[in-house]
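Engineer: Just the structure for this:
(2 chains)
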2 protein chains.
Amino acid sequence: MMGRHHPAARMLCMNNFRIFAMLGLACAACMTAAAPADGPSYTAGGELNLPENYREWNFLSAGLGMSYGPTGQTDANNNPRFTNVFVNRASYQSFLSTGTWPDKTMFLLDIRSSTSNGSINKGGRYQTDLVAIEAEVKDKGQWKFYNFGASGTTAKAFPQSERCYECHSKNGAVDNTFVQFYPTLLKVAREKGTLKPGVLRETP
Amino acid sequence: MMGRHHPAARMLCMNNFRIFAMLGLACAACMTAAAPADGPSYTAGGELNLPENYREWNFLSAGLGMSYGPTGQTDANNNPRFTNVFVNRASYQSFLSTGTWPDKTMFLLDIRSSTSNGSINKGGRYQTDLVAIEAEVKDKGQWKFYNFGASGTTAKAFPQSERCYECHSKNGAVDNTFVQFYPTLLKVAREKGTLKPGVLRETP
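Structural biologist: Next comes the predicted model:
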């Protein structure tokens, strides 16, 4: 019975081929939907949107009280600040493969106050309230910088006259980024040979 | 033509139904494959496997030199250690919804040395070499602790006599975990009302 191609069966075959093709597209859509949506998006006025789920992006490293942090080292109570660095997941995977950042790479700097006293902790410091969120984005080959503050959801790019542009361009170990402070990516950049020559004055 | 159900067409329909069902399963498989595989897995001998991609799990927070850290606060050069906490992505999503940890929750503690001197940094501390990786796993309702050291890929559970068991059970703000030190999850636990009563001696 199955070997016989009745006209009605042929017509069904053609229609089913279309349905298969649609199912295939639906499957591709499933995969796309399951992959994390990340990277920069902008308002109609060109401001950068803060991604709601940036804490689910890839963590690169955290520092405490580092002096290149643009929002300073301490809060009003003289507590140094933690700086947590996240990057969008697609660009992270790309960096693991190539040691470089593709276009649409987006860094988020999650800046938090710190304390020593709480619960069972007896020394050192842990993280508390959010102080500000900053961003660095590569779009159409250009890096730009943004500051959302503690509660902003959109931010304008800093003007090119801001120091961050020159400092990142001059001192970033890979492209405009401080890979020298992200130990797992520093290893990748060494292996891929993508460190900017002469930038690392001291090997961490 | 399409309204007529010739026996051959009916047979094709049945077969196509099976194919559709298979495509549906394949689509479900696509989605499963795209989701990150996470949570604990064990060797045949019952040792915990170190997940290769744990740095792609959800970052919870980082501390510096905290005194409850089981591997001590400083390295041989008196540099305090950073402790980066990651949790498997499925359990993270579950916590966001419920404020509690499901079975198969796996924490990884990525312990790193620190330095102040390198590149353009002039103060504070940033992370360098891996010192050790530790794990806390909830499996069949029981929490267990593991230490992979700096280069291990499998680890045996610590015996129940180790202090970590009593300390986490007594002082964990949610279940056996130190949610009091993870500011974004602490907020979730407060909202969901899942903080263990009386554990937080001081609100961070």
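Engineer: Give the burial count for residue A:76, as a bare number.
Structural biologist: Neighbourhood size, residue A:76 [other Cβ atoms under 10 Å in any protein chain shown]: 6. The C-beta positions use only the backbone N, C-alpha and C, and glycine is treated the same way.
Engineer: SS state for it?
Structural biologist: Secondary structure, DSSP: H, G, I helix; E, B strand; the rest coil: residue A:76 is coil.
Engineer: Provide a list of residues in contact with it.
Structural biologist: Going by Cβ atoms under 8 Å, 6 or more residues apart in numbering or on different chains, residue A:76 touches no other residue.
Engineer: So it versus chain B, what's the distance?
Structural biologist: Residue A:76 sits 16 Å away from chain B, going by Cβ to the nearest Cβ, to the nearest Å.
Engineer: can you pull up the bridge partners for the residue nearest the centre of chain A?
Structural biologist: When Cα atoms, centre = their mean is applied to chain A, the residue found nearest the centroid is residue A:87 (1.9 Å). Listed beta-bridge partners, residue A:87: residue A:58, residue A:107 (assigned using DSSP bridges).
Engineer: Pretty sure it sits against residue A:107.
Structural biologist: Yes. Contact criterion Cβ atoms under 8 Å: residue A:87 and residue A:107 qualify, at 5.3 Å.
Engineer: all strands for chain A, in order.
Structural biologist: A:48-49, A:58-64, A:82-87, A:105-115, A:126-139, A:142-149, A:154-155 (DSSP state E).
Engineer: ok, the residue nearest to residue A:57 when sequence neighbours are not counted - how many residues close by?
Structural biologist: Leaving aside its chain neighbours, residue A:57 sits nearest to residue A:86 (4.2 Å; criterion: Cβ to Cβ, 6 or more residues apart in numbering or on different chains). For residue A:86, the count of nearby residues is 23 (other Cβ under 10 Å).
Engineer: swap in the one 3 residues further on?
Structural biologist: For residue A:89, the count of nearby residues is 18 (other Cβ under 10 Å).
Engineer: What score does it have for pLDDT?
Structural biologist: On pLDDT, residue A:89 comes in at 97.
Engineer: can you check residue A:17 too?
Structural biologist: Value for residue A:17, per-residue pLDDT: 43.
Engineer: contacting residues around residue A:63?
Structural biologist: Residues in contact with residue A:63 (Cβ under 8 Å, 6+ apart) are A:69, A:82-83, A:181, B:121, B:124-127.
Engineer: and of those residues, the nearest to residue A:57?
Structural biologist: residue A:83 (15.0 Å; Cβ to Cβ).
Engineer: pLDDT weak spots in chain A?
Structural biologist: Within chain A, the set of residues satisfying pLDDT under 70 comprises A:1-37, A:68-73, A:201-204.
Engineer: what are the ranges of the helices in it?
Structural biologist: Applying DSSP state H to chain A gives helices spanning A:7-34, A:89-98, A:163-171, A:183-192.
Engineer: Give me the distance between the third one and the centre of its chain.
Structural biologist: Helix A:163-171 sits 19 Å away from the centroid of its parent chain (Cα atoms, centre = their mean, to the nearest Å).
Engineer: could you give the angle of that helix to strand A:142-149?
Structural biologist: For helix A:163-171 against strand A:142-149, the angle by axes from the mean of the first three to the mean of the last three Cα atoms, to 10 degrees is 130 degrees.
Engineer: Dump helix A:163-171 to CSV, restricted to CA.
Structural biologist: Only the C-alpha atoms of helix A:163-171 are listed here, as CSV (Å, rounded to 0.1, in the frame of the first residue of the first chain):
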residue,chain,number,x,y,z
ARG,A,163,39.1,59.7,30.4
CYS,A,164,37.7,56.2,30.3
TYR,A,165,38.1,56.2,26.4
GLU,A,166,41.7,57.0,26.4
CYS,A,167,42.6,54.9,29.5
HIS,A,168,40.9,51.7,28.1
SER,A,169,42.3,52.2,24.6
LYS,A,170,45.8,52.7,26.0
ASN,A,171,45.8,50.1,28.8
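Engineer: circling back to that earlier point, pretty sure the residue nearest to residue A:57 is touching residue A:111, no?
Structural biologist: No. Contact criterion Cβ under 8 Å: residue A:86 and residue A:111 do not qualify, at 11.8 Å.
Engineer: one step back: I'd like the distance between the residue nearest to residue A:57 and residue B:89.
Structural biologist: 14 Å (Cβ to Cβ, to the nearest Å).
Engineer: do the same with residue A:156
Structural biologist: With Cβ to Cβ as the criterion, residue A:156 and residue B:89 are 33 Å apart.
Engineer: Need the contact partners of stretch A:87-106.
Structural biologist: A:35-36, A:38-40, A:51, A:57-58, A:60, A:107-108, A:135-141, A:174-175, A:177, A:185, A:188-189, A:191-194, B:56.
Engineer: can you check stretch A:38-51 too?
Structural biologist: Contacts of stretch A:38-51 (Cβ under 8 Å, 6+ apart): A:57, A:88-91, A:104-106, A:108, A:133, A:135, A:137, A:139, A:146, A:148, A:152-157.
Engineer: at 6 Å what do you get?
Structural biologist: A:88-90, A:104, A:106, A:137, A:139, A:146, A:148, A:153-156 (Cβ atoms under 6 Å, 6 or more residues apart in numbering or on different chains).
Engineer: What distance separates the opening and closing residues of it?
Structural biologist: Start-to-end span of stretch A:38-51 (Cα to Cα, to the nearest Å) is 8 Å.
Engineer: Return the set of buried residues in stretch A:113-133.
Structural biologist: Of all the residues in stretch A:113-133, those buried under the rule 16 or more other Cβ atoms under 10 Å in any protein chain shown are A:113-116, A:119-121, A:124-128, A:130-133.
Engineer: Please identify which of the residues you listed is nearest to residue A:164.
Structural biologist: Using Cβ to Cβ, those come closest to residue A:164 at residue A:132, 13.6 Å.
Engineer: surely that closest one meets residue A:112?
Structural biologist: No. If you go by Cβ atoms under 6 Å, residue A:132 and residue A:112 don't touch, sitting 9.2 Å apart.
Engineer: before we move on, back to that, including distance to residue A:166, could the contacts of residue A:63 go into TSV?
Structural biologist: Output for those, formatted as TSV (distance: Cβ to Cβ, whole Å):
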residue	distance to residue A:166
A:69	16
A:82	25
A:83	20
A:181	18
B:121	17
B:124	21
B:125	25
B:126	21
B:127	25
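Engineer: any idea which of those residues is the one closest to residue B:77?
Structural biologist: Closest approach between the contacts of residue A:63 and residue B:77, by Cβ to Cβ: residue B:125, at 12.4 Å.
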